[in-house]
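Novice: Curious how this folds, go ahead:
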Amino acid sequence: MSHQTAPRRPLPLRAEVRRQLRRRRTRLSFGFLVVLPLLLVGAFALGSDDSEGGTSFVDLAQVGPANLAVFAMFASAGFLLVVLVALFAGDAVPSEASWSTLRYLLAAPVPRGRLLRVKLTVALATTLAALVLLPAWSMLVGLVAYGTEAYQGPTGEQLTWAETGLRLAVAVGYLFVSLLFVSSLAVLIGVLTDAPLGAVGGAVLITIVSNILDTISPLGRLREALPTHEQFAWAEALQRDVEWSGMASGALWSVGYSAVLLTAAFVLFQRKDVLS
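Specialist: Okay, here's the model as predicted:
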């Protein structure tokens, strides 16, 4: 009796993960995240102690490993992480087009919806890995550089190590959700263009414009609808009494924008003429 093997699922997720991990831009991105805490420690060592006793994240960065991790997140959330997230998501589809492999993938055949889902899933997984790596590695660097002092907040609150670990997990989770907007925007632009730099740069540019608009106080409550208005609300998770309103609002807006952007991306990709 003959045995029929089940057909292989086109574009398996594991294969796409391996491809992404082998790419130079992925390795360089994670390499920079590894170097960043070392650069911060070196900068603090070369600088003066004029800020000692201050009440900002930078003033308290040398208190202990948790404070260094929080400052690394604070310093990179506004731009560096935006660039990395846009790179992971925006480069996914256009890179295949620029290599002239996209049409061959679709002729494999790989359903267009599945191809975009796999690319998006791997991009989001890479983003989450980067967001976990930065504070985790910063904590290890801080342990060597600054000892084992527990977290101390700008308003004088102190958290135990158990509390700090849980609060940092909440902060990372919120950062991931808030950056969904950037990922979704980069995917949509990546569907519309065959230029990887165009997708990445477009997503970063629009995010910067949102940040600029957020500084215009005459806009009043309209600023609350901007996707980056609550980008630093994760810091509220590190207070003695967690304030959830900012994170809830930021998460809802980010998820809402992402749903619209990703829906548009999938619809347009289904209709796109793939020539490369």
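Novice: Just the buried positions in the longest helix anywhere in the chain, please.
Specialist: Scanning the chain for the longest helix, with DSSP state H as the assignment, gives helix 112-146. Buried residues in helix 112-146, counting neighbours by 16 or more other Cβ atoms under 10 Å, are found at 112, 115-116, 118-120, 122-124, 126-127, 130-131, 134-135, 137-139, 141-142, 145-146. C-beta coordinates here come from the backbone N, C-alpha and C atoms, glycine included.
Novice: now swap in stretch 188-206 and tell me
Specialist: For stretch 188-206, by 16+ other Cβ under 10 Å, it's 188-196, 199-204, 206.
Novice: quick one: low-confidence ranges for the stretch 1-150 of the chain?
Specialist: Across the stretch 1-150 of the chain, residues meeting the criterion (pLDDT under 70) sit at 1-11, 48-54, 96-110.
Novice: I meant to write the stretch 151-276 of the chain there.
Specialist: 273-276.
Novice: Now do the helices in it.
Specialist: Assignment of helices within the stretch 151-276 of the chain using DSSP state H, counting those that start in this stretch yields the ranges 161-178, 180-192, 196-214, 245-271.
Novice: Out of these, which is the most enclosed?
Specialist: helix 180-192 (a mean of 27; mean count of other Cβ atoms under 10 Å).
Novice: quick one: it to chain centroid distance?
Specialist: Distance of helix 180-192 from the chain centroid (Cα atoms, centre = their mean, to the nearest Å) equals 13 Å.
Novice: now the angle from that helix to helix 112-146?
Specialist: Here the directions of helix 180-192 and helix 112-146 differ by 140 degrees (axes from the mean of the first three to the mean of the last three Cα atoms, to 10 degrees).
Novice: quick one: contacts of helix 180-192?
Specialist: Contact with helix 180-192 is made by 82, 85-94, 116, 119-120, 123-124, 127, 196, 198-200, 202-204, 206-207, 227-228, 253-255, 257-258, 261-262, 264-265, 268-269, 272, as judged by Cβ atoms under 8 Å, 6 or more residues apart in numbering.
Novice: how does it look with 7 Å?
Specialist: Helix 180-192 is contacted from outside by 82, 85-86, 89-90, 92-94, 120, 123-124, 127, 198-200, 202-203, 206-207, 227, 254-255, 257-258, 261-262, 264-265, 268-269, 272, using Cβ atoms under 7 Å, 6 or more residues apart in numbering.
Novice: just stretch 67-77 next, same as before
Specialist: Under Cβ under 7 Å, 6+ apart, the answer for stretch 67-77 is 36-37, 40, 57-58, 60-61, 134-135, 138-139, 141-142, 146, 151-152, 168, 171, 175, 231-232, 238.
Novice: Number of residues surrounding V85?
Specialist: Residues lying near V85 (other Cβ atoms under 10 Å) number 30.
Novice: T193 contacts P94, correct?
Specialist: Yes. T193 is within contact range of P94, at 6.0 Å (criterion: Cβ atoms under 7 Å).
Novice: So for those two, which residues contact both of them?
Specialist: With Cβ under 7 Å, 6+ apart, T193 and P94 have common neighbours A199.
Novice: I'd like to know how far L124 sits from T215.
Specialist: From L124 over to T215 the distance is 29 Å, taken as Cβ to Cβ, to the nearest Å.
Novice: same check, this time on T26
Specialist: Applying Cβ to Cβ to T26 and T215 gives a distance of 33 Å.
Novice: same thing with G246?
Specialist: G246 is 17 Å from T215, by Cβ to Cβ.
Novice: Could you find the closest non-adjacent residue to V63?
Specialist: Q152 (4.9 Å; Cβ to Cβ, 6 or more residues apart in numbering).
Novice: you'd agree that neighbour is up against L60?
Specialist: Yes. Between Q152 and L60 there is a contact under Cβ under 7 Å: 5.8 Å.
Novice: Look at these two and report which has more neighbours.
Specialist: Using other Cβ under 10 Å, the more surrounded residue of Q152 and L60 is L60, with 22 against 16.
Novice: Name the SS class of the residue lying closest to that one once chain neighbours are set aside, please.
Specialist: Distances taken as Cβ to Cβ, 6+ apart put N67 closest to L60, at 4.9 Å, once the chain neighbours are dropped. Three-state call for N67 (DSSP: H, G, I helix; E, B strand; the rest coil): helix.
Novice: returning to what we had before: so who does the residue nearest to V63 touch?
Specialist: Contacts of Q152 (Cβ under 7 Å, 6+ apart): L60, V63, N67, Q158.
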